[in-house]
Structure formats: C-alpha cells, structure tokens
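Undergrad: The sequence and its predicted three-dimensional model are supplied below.
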Amino acid sequence: MRKGDYAAGAQYLNRAASLGGTASEERKQQAQDAEFYGQLAQAQAAYKQGNVSQALALSAPLTQRSGEQGAAAKLFRADVQRHNKDYTAAEQTLRGLLNEQPNNGSARENLYYVLREQNKTAEAQAMLQTLPASLQARLQPRVSGGNPTDPLRRQAQQAAANGDPQRAIALLQQGTARYPSDPWLRLDLARLLQKQGRSAEAANVMMPAFRPNASNSELYAAALFASENNAWQQSQTLLSRIPASSQNGDMRELSQRVNYNLQMDVAERYLAQGDRTAAANTLKALAARPPQSPADAGKLARMLAQSGDVTTAVSVVHDNMRRGVQGNAGDYADQVAVLNQAGLGSEAQAWLAQPGTAVAQHPDPTGEHSQRLRDQRSRPSARAGQLRGGL
C-alpha cells in the first residue's frame, strides 16, 4: 500500500461524509481510520529505511488513539524500541498497553521477548505462563515438565529451523524408538512428515493413540494432529475417549474448537448446495460467539461474506483483530480477504504491515496459510474503487 493511497482515500471519504446522508458518520469514521493507517504506514516506512528516530517520532502521537488503533501503534513502537535495544522503553510501552488491554496476546508475547533479552528470567517465565499452550510449546517446549525428551525435541526443532528437516525427522524417529510412549515426540514427528508431504507416514506415527489402552496425553496429541489437518470428526472421536473429569483446559478448548468446526462443515455443505439462507442462519448463530482462533474466525468471516452477510463478516474480523496477533501470520489470510472484499483494503494492508504479523515471525506448519497471506499481501488494493461502487 502506497502512502498516497491512504491520503487519497481519506480525502475521498471526507468529501463523501460532507455530503451528509445516512452514511455520513460512517464515512467520517472511515476517513479517520484511513488517516491513522496512513500515518502508521509512514512510520513503518521510516523504520524499514533505518530511520529509527523518525519512526519513533511519527508513531508517538498515534499511541494516543484508543482501541485497536492505539494498540497497533504501541506494538509497532515497542518493536522498534526492542530492535533498537532500548529494552527499558519497550518494556514500558508494552506494560502500558497491557494495563489497558490485559488480554492482548501480542503484547504479552512481545513483553516475554523483551524480558528474556534483558535476562529477567523469572519475569519472562511468569509472562510465558500467561501465553497460550501452543505458543509456550513453540517458544520453550514443555517449560514446566522437565521431560527427558525435551533436549531431543529442541535439537529437532533447531534442525528444522536451520532448514534441515531430514535431520529433524531422523532425530525424532530415534526419539520415538527410545521413548515410544511419549506422544509429544510423535506429534512433532507427525507434523514434520506432514509438512514434507509424507501424509501416510505421519498418520502411521500417530496410530498408537487409536489403541484401546491409549493414555489421555496420547489421545489429546492425536486429536491435536487431526484438528490441524481438518479431520474434525476424527478429532472429536479421540477427545470423547478422554473422561470429562480428566480433561484440562487445553483439552476442553480443543473440544470446543472441534465442535465449532463440525458446525462450520454443515454450513459449508449448505453453501455448496446453493442454500445461502440455511448457511446464513447457521453462520449467524456461530457469529454470536465467534471463535478466538484467527484461522477459525477468518473462515467464519469468509463464509459469512459468501452467504451475503458482509457486515457481520467484517464485525467478526474486527473482533478477532482487537485481540492482537494470536497465531501464525498465514492464519489471517481469510480475514484480510474479507476486509479487501468489504473495501477496507488500507486497513488490511496496515494489519499486514504490523511487525507482529510478519510471516517469518510466526511460521505456520504447512505453509498453506502463509502462501494465501502472501497472495493477499501482493494483491493490488481496490479500496477507492470499491468505496465508490458502494456509495
């Protein structure tokens, strides 16, 4: 998105608002949004050019905004401060944001990095414990378990990160031979095999979970793997074998996500059959309590738009983005597509430009979502034309 696009969009929207009418206030708000994202884009451009002082100066007034815009500015500013090794300022910025938005996941994750880089180990570990379990596992595998397989898993993760997936697979295969009952070694191995296109081998690795005497951890790990590959019915079957009294918060959260996606499958079938009314009714019921997962929220928004309810689709996207960055960057591909479809291209581009949404910072296991996000990032913005068509 070029800086001029934001300015032109803001001017156009201000002119539209000055004409009055029922949409006047909405156009005025959209103009203010375009001005904000234009200013944020200027700060980001300065930073990319290596002008740290200008980036900080341009972003300073933007942090006075409330809601998601103020949060976006503060996250950007903290990222600049952190990479400039001004850790004290970065910590102050992030703690200020968390005072306003205690559940902002992106602020918590970035504060963890800042604390760790200052060698504030105890505070960093305390912050790490507040992050989602999946993110904890990625940042510091099994931080509280002291599991004997942890060093091996870390070696494999490092090998994969260094671009040597075959060595990572070999290490994990050795590990599963030595520790055949450890489900997390198996899950790591299955994920890597799946990413390499070796789906049959990946499925075979998780087979022990289908034995009658499988442990709860084996069932949960296999249910996780099934959910990551959209095998929702299989995931539900595995989770149903874990007694309710033995389920922890992560298991219950996955169960809710699985049930939600099974309902989404029903709506998807309605859309495929051309029954948009039945699909819309099913999707609106789900939108009343939208999911927190960015991929799930994006899929819901995309299908709402397909059913003809773009307004609710955008509302779902805004609700999810207010939570901050929560997963792989590619998980936001559908959300960005919905914003583009709704004529909010500059907002979509500004979201993609945030440091926390960089594809490299949040790798996704399959690469599929990241490719879709890159497709959205490279798509020319049609915001002005879409807005003119909507007036």
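TA: It's in. Residues are numbered from 1 along each chain as shown.

Undergrad: Identify each of the helices in the stretch 251-391 of the chain and give its residue range.
TA: 276-287, 294-306, 310-321, 333-341, 345-353, 368-378, 383-390 (DSSP state H, counting those that start in this stretch).

Undergrad: Export these to a markdown table and append columns for mean pLDDT, mean neighbour count and distance to residue 66.
TA: Any C-beta I mention is one placed from the backbone N, CA and C, and that applies to glycine too. Below are the helices of the stretch 251-391 of the chain laid out as a markdown table (pLDDT from 0 to 100; neighbours: other Cβ atoms under 10 Å; distance: least, Cβ to Cβ, whole Å):
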| stretch | mean pLDDT | mean neighbour count | distance to residue 66 |
| --- | --- | --- | --- |
| helix 276-287 | 90 | 18 | 24 |
| helix 294-306 | 91 | 24 | 22 |
| helix 310-321 | 92 | 21 | 14 |
| helix 333-341 | 90 | 25 | 20 |
| helix 345-353 | 79 | 24 | 16 |
| helix 368-378 | 48 | 17 | 27 |
| helix 383-390 | 33 | 15 | 23 |
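
Undergrad: Of all those, which one is nearest residue 212?
TA: The closest of the helices of the stretch 251-391 of the chain to residue 212 is helix 294-306. By Cβ to Cβ, the value is 31.4 Å.

Undergrad: elements contacting that closest one?
TA: Secondary-structure packing of helix 294-306 (3 or more Cβ pairs under 8 Å, 6 or more residues apart in numbering; DSSP states H and E): helix 249-272, helix 276-287, helix 310-321, helix 333-341.

Undergrad: and those as TSV, adding distance to residue 96?
TA: Below are these laid out as TSV (distance: least, Cβ to Cβ, whole Å):
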stretch	distance to residue 96
helix 249-272	29
helix 276-287	32
helix 310-321	20
helix 333-341	26
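
Undergrad: Indicate which one of the helices of the stretch 251-391 of the chain is closest to residue 90.
TA: Using Cβ to Cβ, those put helix 345-353 closest to residue 90, at 18.9 Å.

Undergrad: With respect to residue 93, which of the helices and strands packed on helix 294-306 lies nearest?
TA: Nearest of the helices and strands packed on helix 294-306 to residue 93, taken as Cβ to Cβ: helix 310-321 at 19.5 Å.

Undergrad: Name the surrounding residues that touch that closest one.
TA: The contact list for helix 310-321 (Cβ atoms under 8 Å, 6 or more residues apart in numbering) reads 68, 283-284, 287, 290, 292, 294, 297-298, 300-302, 304-305, 326, 335, 338-339, 341-342, 344, 351.
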